[in-house]
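K.L.:
this one's sequence-less:
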């Protein structure tokens, strides 16, 4: 078994605050790059192709989110398990779960691409798309689906490369992809006029490039994780995936809630309603990226300190993360309260979308309070995943992203005749926070660590 010294692993031995930000900044840049494709697509599609095209792409999001969520569950679950092994000093076991996760995600990606393209019409019908939206949805969907293979492989590499102490390589790969996406969106949509097909190619090609760049990890002599086949004990992948179930729930439940919102707003406001909630979602994503970046950083830090039974460092990292979330939440609320209308206009043509912009701005005024609680809910869920409590983490995640928001949306929709039913979203975050806090207090760091053991 190999051991590590203080020079090998900042997560275990580095100063807490500098180490936290050393990983947070690349994580934030990486997540921004990862999600910027949809934001940039939204800006170009809304301004050059119009509200109908924007609504068509939004209706596809639940499908892509579901497929991406399973990849996220495998990737995060595997990396957290590998982090515990690294904390214990068991590099061979960490390399084994890395290898098995990468192969499993590759096989999964190939299977869903084939099935997804074969079942296109049934999926569109199931999403409640109107006939006018089928054609533009198909233009985007048929191009973007095959590129999902590269995106999911890049996802696995991203989490494991960060875990292995190389967050800058992972973030740089995604950042380069984001820049390429912006350039290609301009060329394919604005300059060449390829519409939704161009948007899909721009996004797809920007997925391939980060995957190729991250392959350089395998040529870095300083890396600890080694890819090796054959492997045994493949059931460990499922166990690790179970530990990542909260991330799957967060991702997939978000798609379910998006589906419910789309249906409600189509009923009450037509295509303008779907376009409006699409833009509002883009604005919320900008804020949530910080929270997810903090959660990702915490998982890298805490999973290793959990394996090393260092509860004092776990507490210190949690305190640092909580302070950053508090400051960030105040900043996001201030922005939404003061400049929401100019932000909405980034995504649409000012001359032809006045009604949609008014509706989007109204929706923002109803949902901004969710930032009071969302960051802490995501932090607690990530902490519970890192200390290998998948059931508790999943309970917080499903409450935060599905049970409370879906239940309250349906209730408020039938109680309120206008668009104020979306206040169900901040109400759901508040209820989740109460639940998350109770669970956290039962599993505080001093109760979470355990003697060093090796799971096989």
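P.N.:
Received, thanks. These numbers were taken from a predicted model, which means no experiment stands behind them.
K.L.:
Just the helices from the stretch 151-300 of the chain, written as ranges.
P.N.:
In the stretch 151-300 of the chain, the helices defined using DSSP state H, counting those that start in this stretch lie at 167-185, 195-214, 235-243, 245-307.
K.L.:
Who are the packing partners of the helix or strand where residue 98 lies?
P.N.:
Taking DSSP states H and E as the criterion, residue 98 maps to helix 91-118. If you count contacts as 3 or more Cβ pairs under 8 Å, 6 or more residues apart in numbering; DSSP states H and E, helix 91-118 packs onto helix 51-88, helix 148-163, helix 235-243. All C-beta spots, glycine's among them, are computed from the backbone N, C-alpha and C.
K.L.:
Show me how far it is from its chain's centre.
P.N.:
18 Å (Cα atoms, centre = their mean, to the nearest Å).
K.L.:
I'd like the average pLDDT over that helix.
P.N.:
Taken as a whole, helix 91-118 has a mean pLDDT of 93.
K.L.:
Touching, residue 398 and residue 253? I think so.
P.N.:
Yes - here residue 398 reaches residue 253: they are 6.4 Å apart, a contact under Cβ atoms under 8 Å.
K.L.:
I'd assumed residue 102 was in contact with residue 229.
P.N.:
No - taking Cβ under 8 Å as the definition, residue 229 is not a contact partner of residue 102, at 9.8 Å.
K.L.:
Among these two, which residue is more densely surrounded?
P.N.:
residue 102 (19 against 8; other Cβ atoms under 10 Å).
K.L.:
Now do the contacts for the more buried one.
P.N.:
153, 156-157, 160, 227 (Cβ atoms under 8 Å, 6 or more residues apart in numbering).
K.L.:
Do a quick rundown of the helices in the stretch 301-450 of the chain.
P.N.:
311-345, 354-367, 374-386, 390-398, 404-415, 424-442, 445-448.
K.L.:
now the fifth one against helix 245-307, angle please.
P.N.:
If you take axes from the mean of the first three to the mean of the last three Cα atoms, to 10 degrees, helix 404-415 sits at 150 degrees to helix 245-307.
K.L.:
gap between helix 404-415 and the chain center?
P.N.:
On Cα atoms, centre = their mean, the centre of helix 404-415 falls 24 Å from the chain's centre.
K.L.:
do the same with the second one
P.N.:
Offset of helix 354-367 from its chain centre (Cα atoms, centre = their mean): 24 Å.
K.L.:
Show me what counts as buried in stretch 114-132.
P.N.:
116, 120, 123-124, 127, 129 (16 or more other Cβ atoms under 10 Å).
K.L.:
List the ones among those residues that fall in strands.
P.N.:
Judged by DSSP state E, the buried residues of stretch 114-132 include no members of strands.
K.L.:
pLDDT below threshold where in the stretch 1-150 of the chain?
P.N.:
Scanning the stretch 1-150 of the chain for pLDDT under 70 picks out the ranges 1-8, 34, 36-37.
K.L.:
Of all the helices of the stretch 151-300 of the chain, which one is nearest residue 17?
P.N.:
helix 245-307 (11.4 Å; Cβ to Cβ).
K.L.:
Quick check: mean pLDDT of that closest one?
P.N.:
In this model, helix 245-307 carries a mean pLDDT of 78.
K.L.:
just the angle between it and helix 374-386, please?
P.N.:
Using the same axes, to 10 degrees: helix 245-307 against helix 374-386 is 60 degrees.
K.L.:
Off-centre distance for helix 245-307?
P.N.:
7 Å.
K.L.:
Check stretch 303-321 too.
P.N.:
Distance, centroid of stretch 303-321 to centroid of chain: 23 Å (Cα atoms, centre = their mean).
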